[in-house]
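*Asks:* Provided below for reference: sequence and predicted model.
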Amino acid sequence: MGSILALQTNGGADVTMSSREIAELTKSSHDNVMKTIRRLIAEGIVSGNETPYHHPQNGQTYSEFLLSFRDTMVVVSGYNAELRARIIDRWQELERAAPPTPAPVAVPAVPKTFGEALRLAADQQDVIEAQAAQLAAAAPAVEFVDRYVESTGLMTFRQVAKLLKVKEPEFRQFLREAKIMYVLGGEWTAHAQHIEAGRFETRAGTAQNSHAFNACKFTAKGVKWVAGELAKWQLEQRGEGAHA
């Protein structure tokens, strides 16, 4: 049984059925099927692509038609239900075997007018400025890498704020909103998950009035991590301010 899968020049795939296969499935002569197709084409009811077919056994060349699903159904409309069902079943097999049509590739539109070119340039400038804002927001985290290697041990809230060049009120706001630290008994304390992650260590101490307290300090791992989180938070704040 000779099924046909016709490939389009645009890279997609059109499934077609040949007049030879219609003849085989309906137990009709190929000549009669060809006559029916030619008559329907002449009447403007269907359209078909008449192509040469090389018979593998006798080596002779014959003509056949390649039809779409719609035109195939019109051609076999006069046949009984059993024969039409054979055609439909075969069509489903052909469609399942057909390669999927590639998704279209988005091509940037080329500006056609001076106004469109200006808008495109403005959009590109917005992207450039957004990227620059990201770099500026991340600058403290980048500078930290060079400066932190000069220091050792644990660092307090104020030491980290100074290292990252962020004002203490802003740093407090960030730590609260990001749920990194909170104030307990007048002391900054890290949330448990950050202590467990090794970003902070709690050390016991005694004040001049003999009052015992626990000081929560940043580890080297914690300073590096919080620098990156601060950069992202600052970028979000600037974005919200721009849309306010």
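*Replies:* Sure thing, it's come through. Numbering: from 1, shown residues only.
*Asks:* quick one, strands of this protein?
*Replies:* 4-7, 13-18, 49-54, 61-67, 181-184, 187-190, 200-206, 212-218 (DSSP state E).
*Asks:* CA-only coordinates of the third one in PDB, if you can.
*Replies:* When you say that, I think you mean strand 49-54. Coordinates of each C-alpha in strand 49-54 appear next as PDB, following Å, rounded to 0.1, in the frame of the first residue of the first chain:
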ATOM      1  CA  ASN A  49      -1.500  17.600  -7.700                       C
ATOM      2  CA  GLU A  50      -1.000  15.200 -10.600                       C
ATOM      3  CA  THR A  51       2.500  13.600 -10.300                       C
ATOM      4  CA  PRO A  52       4.300  10.800 -12.000                       C
ATOM      5  CA  TYR A  53       4.500   7.400 -10.300                       C
ATOM      6  CA  HIS A  54       7.200   4.800 -11.100                       C
END
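*Asks:* partner strands of that strand, with direction?
*Replies:* Partners of strand 49-54 in the sheet, by DSSP bridges, are strand 61-67 (antiparallel).
*Asks:* so where's this structure uncertain?
*Replies:* 1-13, 98-153, 204-214, 239-244 (pLDDT under 70).
*Asks:* so which residues of it form helices?
*Replies:* Secondary structure of the chain, counting by DSSP state H: helices at 19-26, 30-42, 69-75, 81-97, 114-148, 157-163, 168-177, 192-196, 220-242.
*Asks:* and residue 50, how many neighbours does it have?
*Replies:* When counting by other Cβ atoms under 10 Å, one arrives at 14 neighbours for residue 50. C-beta: built from backbone N, CA, C; applies to glycine.
*Asks:* what's the local residue count around residue 46?
*Replies:* By other Cβ under 10 Å, the burial measure for residue 46, its neighbour count, is 21.
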